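Chemist: Build me a structure from this.
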Amino acid sequence: MHNHAPKNYHCPICLGLQGIENDLTLIKQSDFIYKGKYVSALVNSFYVKNNKGHSIVVSNNHYENIFDIPSEVLNEITQTAKKIAYAFKNIFKCTGVTLLQNNEPDGGQHAFHFHLHVFPRYKDDNLYANMLDKKLLDPKERQTFAERLKRAL
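Modeler: Numbering: from 1, shown residues only. Down below sits the predicted model:
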């Protein structure tokens, strides 16, 4: 009813969770900062200027959006996001944190697997304006952020 993934969709998040690294996903295993029973977290493949290291928290099972995900999994996602937010404050000395979650194409959803973005924020960082110019972050640089966050978690 509320699903919009195209037929024969290859979910890049599911592939990453399965440990697959190929042309259908940008996720590298070194991106992961947390793996739990129901959720995992990783440094996002793309960065927004001034907010490098932003992470996403995902369900380990495939749920397309907020309409599909069970409440207990959603609760664990938010608890994991809270831990990441504290890690951002400690490691990156950010002065704020933004959680962002998009549903359905008209809501800005681009990967059809529930995921919650966690952004470190800074005064005058222009996050929303800079979102239009996101760039792929080199896997080695993502790994540097991931290692720091893993230690903090």
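Chemist: Run through who's touching stretch 116-125.
Modeler: With contacts defined as Cβ atoms under 8 Å, 6 or more residues apart in numbering, stretch 116-125 is touched by 41, 44, 48, 50-51, 53-58, 77-78, 81, 84-85, 88, 92, 94-101, 127. All C-beta atoms are positioned from the backbone trio N, CA, C, and that covers glycine.
Chemist: switch to 6 Å and redo it
Modeler: Here stretch 116-125 makes contact (Cβ atoms under 6 Å, 6 or more residues apart in numbering) with 50-51, 54-57, 77, 81, 84, 88, 92, 94-101.
Chemist: Please flag which of those sit within strands.
Modeler: Using DSSP state E, the subset of the contacts of stretch 116-125 located in strands is Ser55, Ile56, Val57, Gly96, Val97, Thr98, Leu99, Leu100.
Chemist: by how many degrees do the longest strand along the chain and strand 96-100 diverge?
Modeler: For the chain, the longest strand by residue count, based on DSSP E, is strand 115-121. Angle of strand 115-121 versus strand 96-100, following axes from the mean of the first three to the mean of the last three Cα atoms, to 10 degrees, is 160 degrees.
Chemist: Check which element follows strand 115-121 along the chain.
Modeler: Sequence order places helix 127-130 as the next helix or strand after strand 115-121, per DSSP states H and E.
Chemist: Pairing partners for the very next helix or strand once past that following helix, with directions?
Modeler: Following helix 127-130 in sequence order, the next helix or strand is strand 135-136 (DSSP H and E). Its sheet considered, strand 135-136 pairs with strand 46-47 (antiparallel) by DSSP bridges.
Chemist: picking up where we left off before, ChimeraX command for the buried members of the contacts of stretch 116-125?
Modeler: Buried members of the contacts of stretch 116-125, defined by 16 or more other Cβ atoms under 10 Å, are picked up in ChimeraX with:
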select :51,54,55,56,57,77,81,84,88,92,94,97,98,101
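Chemist: as a whole number, average confidence for the helix or strand harbouring Ser40?
Modeler: Assigned by DSSP H and E, Ser40 belongs to strand 39-43. Strand 39-43 carries an average pLDDT of 98.
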